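Peer 1: Give me the fold of what follows.
(2 chains)
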Amino acid sequence: MASNRLRWTIAAGVLLCLFGGGVFFVLTEPAPLVSSDLPSHTADVERGKLLYTIGGCISCHKPPAEAKVENPTLPSGGKPLATPVGTLYPPNITPDPQTGIGKWSALDFINAVHLGISPQGRHYIPAFPYASYHRMPLQDVIDLQAYVSALPAVKSTPTAPVTSLPSFVRRGIGLWKKLALSDVPFAPDAAQSPSWNLGAYLVNAPGHCGECHTPRNIFMVPDERRHLAGAPHPEGKDKVPSLRNLVGRGRYTDVDDLTSAMRFGEMMGYDRLSSGGMGDVQANLAKLPEDHVRAIAEYLVSLK
Amino acid sequence: MKNSVLASVAFACVLGFTSIALAGPIEDRQELMKANGQTMKLLGGMAQGESPFDAAVVKEQGEAMAARFEKAKTLFPPGSEQGPPETYAKPEIWSDPDGFAAAANKAVEASQAVAAVTEAAQLGPALGAAGEACKGCHDKYRRPKD
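Peer 2: This is a model prediction of the structure:
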């Protein structure tokens, strides 16, 4: 009798594990796009360049000063990032076939940026901010691909892969994606001006400001109730400031002031956009057309 | 009556001087950086064409900024790592004194280069370089401000 019950218990346990494993397997399965999922769109390289700039690709993928590569302004692989799951090496995303992404198809690139799935069909660790990039319409990702694939190829020294991440953890990122990747693409707010909507798009999709400025919940998903309200610094120490109520808190006087701060930074005596990694971001912002920076300022200043 | 006025003036003076003397290095360096920010803002406006180019002002402001950065080197003594008042100085200032001194020297040199500007067209690039010096140091040695 007792042994019978034990047998049932074990059987039920085994079945539950198998079922759980099966559910895990199904839920975490990477599901890349196929060619027929792509809209017909003629790539706009100029727009791709704009998205590359606001996307801040260069900030993580640029070689460290000590690397001494021939052209340090190209994204030939960035300095190692220490993350809770191990050290990451932002790869060479120039079109070098051996050390860069020269062998990738356009579809490979789109799956990487839009869904965080590698050409080998594995989930990328979300230090690569694809949860934000996911909000970009595919047309924009196609434009970005056209620009990045036309950059000069740089041969880099291959870096070590992530070592400390067991494969089931990487697979488990699939579960996180179920929570973090919104299936609702960016939609303009008809009650707001075109400029405000441009700013909202740049901030929340390619600009991925929320990756650092929005605090995360226990599932490491940005808590949108506290959108851009400030968060612990991803590198462990210090805080990332809030972007809400910037005028009310006396950080900037108005949209003009914040626009100048983002365009000129320290060159005009604005010292807040230099620390904690924001200096690189401001350097990118400075390269945008003025109306785009103003749009970002207009959107940010509207956040109370 | 006259005496009491004199006494209160004297008292106010003493109070004023004491508070200046009592202001610690944190207050001093924050005031100094604020003044440098104002210089950059003033000259930046000139570079943007918001105010007319004036070589004499550029020279005076650039020299003042260089002198302030020279002084700034003395305003991070041991013991001033933490406030009050709240300071955003990073511990790296004290753990990497050579790197910090190099960054400060860069700011002095960039300010001297601003002071040496004689034509409007040179001002933008000189301020750009000075801005990079500010930024380089703030990136490495200052915490993000909320």
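Peer 1: how about the helices in chain B?
Peer 2: B:2-22, B:25-47, B:55-72, B:92-95, B:97-115, B:120-141 (DSSP state H).
Peer 1: again with chain A
Peer 2: Under DSSP H, chain A gives helices at A:2-28, A:45-54, A:57-61, A:106-115, A:130-133, A:138-149, A:167-180, A:194-204, A:210-213, A:255-264, A:278-285, A:290-302.
Peer 1: Those helices: which one's closest to chain B?
Peer 2: Chain B sits nearest to helix A:278-285 of all the helices of chain A, at 4.5 Å, using Cβ to the nearest Cβ. Any C-beta I mention is one placed from the backbone N, CA and C, and that applies to glycine too.
Peer 1: Now do that closest one against helix A:255-264, angle only.
Peer 2: Angle between the axes of helix A:278-285 and helix A:255-264 is 100 degrees (criterion: axes from the mean of the first three to the mean of the last three Cα atoms, to 10 degrees).
Peer 1: How far off centre is helix A:278-285?
Peer 2: 15 Å (Cα atoms, centre = their mean, to the nearest Å).
Peer 1: Please put the alpha-carbon coordinates of stretch B:126-144 into CSV.
Peer 2: Extracted in CSV, the C-alpha atoms of stretch B:126-144 (Å, rounded to 0.1, in the frame of the first residue of the first chain):
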residue,chain,number,x,y,z
ALA,B,126,38.8,75.5,-28.5
LEU,B,127,35.6,75.3,-26.4
GLY,B,128,35.0,71.8,-27.9
ALA,B,129,38.4,70.7,-26.6
ALA,B,130,37.8,72.3,-23.3
GLY,B,131,34.4,70.6,-23.1
GLU,B,132,36.0,67.2,-23.8
ALA,B,133,38.4,67.9,-20.9
CYS,B,134,35.5,68.6,-18.6
LYS,B,135,33.7,65.6,-19.8
GLY,B,136,36.7,63.3,-19.6
CYS,B,137,37.2,64.1,-16.0
HIS,B,138,33.5,64.0,-15.0
ASP,B,139,33.1,60.7,-16.7
LYS,B,140,35.9,59.1,-14.7
TYR,B,141,35.9,61.0,-11.4
ARG,B,142,32.4,62.1,-10.8
ARG,B,143,29.3,60.2,-9.9
PRO,B,144,26.1,60.9,-11.9
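Peer 1: Mean confidence (pLDDT) on that stretch, please.
Peer 2: For stretch B:126-144, mean pLDDT is 94.
Peer 1: With stretch A:216-227 instead?
Peer 2: pLDDT averaged over stretch A:216-227 gives 94.
Peer 1: Extract the residue ranges of the stretch 1-150 of chain A that are flagged as low pLDDT.
Peer 2: A:1-2 (pLDDT under 70).
Peer 1: Now it against chain B: closest residue?
Peer 2: Counting by Cβ to the nearest Cβ, the stretch 1-150 of chain A gets nearest chain B through A:Ala65, at 10.8 Å.
Peer 1: In contact with the nearest residue to that residue once chain neighbours are set aside, which residues are there?
Peer 2: Once flanking residues are discounted, A:Ala65 sits nearest to A:Pro72: 7.4 Å by Cβ to Cβ, 6 or more residues apart in numbering or on different chains. For A:Pro72, the contacting residues are A:Lys62, A:Pro63, A:Ala65, by Cβ atoms under 8 Å, 6 or more residues apart in numbering or on different chains.
Peer 1: Just the buried residues of those residues.
Peer 2: A:Lys62, A:Pro63 (16 or more other Cβ atoms under 10 Å in any protein chain shown).
Peer 1: quick one: which of the contacts of A:Pro72 sit in strands?
Peer 2: Judged by DSSP state E, the contacts of A:Pro72 include no members of strands.
Peer 1: Chain B contacts on chain A?
Peer 2: A:230, A:233, A:237-242, A:264-272, A:274-279, A:282 (Cβ under 8 Å from any Cβ of the partner chain).
Peer 1: now those: which count as buried?
Peer 2: By neighbour count, with 16+ other Cβ under 10 Å, these hold A:230, A:233, A:238, A:240-242, A:264-272, A:274-279, A:282 as buried.
Peer 1: Of all residues in chain A, which one is nearest the centre?
Peer 2: Against the mean C-alpha coordinate of chain A, by Cα atoms, centre = their mean, the closest residue is A:Pro129 at 1.5 Å.
Peer 1: Skipping its backbone neighbours, what lies nearest it in space?
Peer 2: Closest to A:Pro129 by Cβ to Cβ, 6+ apart is A:His208, at 4.1 Å.
Peer 1: What of B:Ala66?
Peer 2: B:Ser111 (3.7 Å).
Peer 1: swap in A:Pro194?
Peer 2: In space, A:Pro194 is closest to A:Pro188, 7.9 Å off (Cβ to Cβ, 6+ apart).
Peer 1: swap in A:Arg216?
Peer 2: For A:Arg216, the closest residue by Cβ to Cβ, 6+ apart turns out to be A:Pro222, at 5.6 Å.
Peer 1: Show the contacting residues for that neighbour.
Peer 2: A:Ala131, A:Ala180, A:Gly210, A:Glu211, A:Thr214, A:Pro215, A:Arg216 are the contacts of A:Pro222 under Cβ under 8 Å, 6+ apart.
Peer 1: Return the member of the residues you listed nearest to A:Ser35.
Peer 2: A:Ala131 (23.9 Å; Cβ to Cβ).
Peer 1: Residues of chain B that sit close to chain A?
Peer 2: So chain B meets chain A at B:33, B:36-42, B:44-45, B:47-48, B:88, B:127-128, B:130-132, B:134-136, B:138-139, B:142-146 (Cβ under 8 Å from any Cβ).
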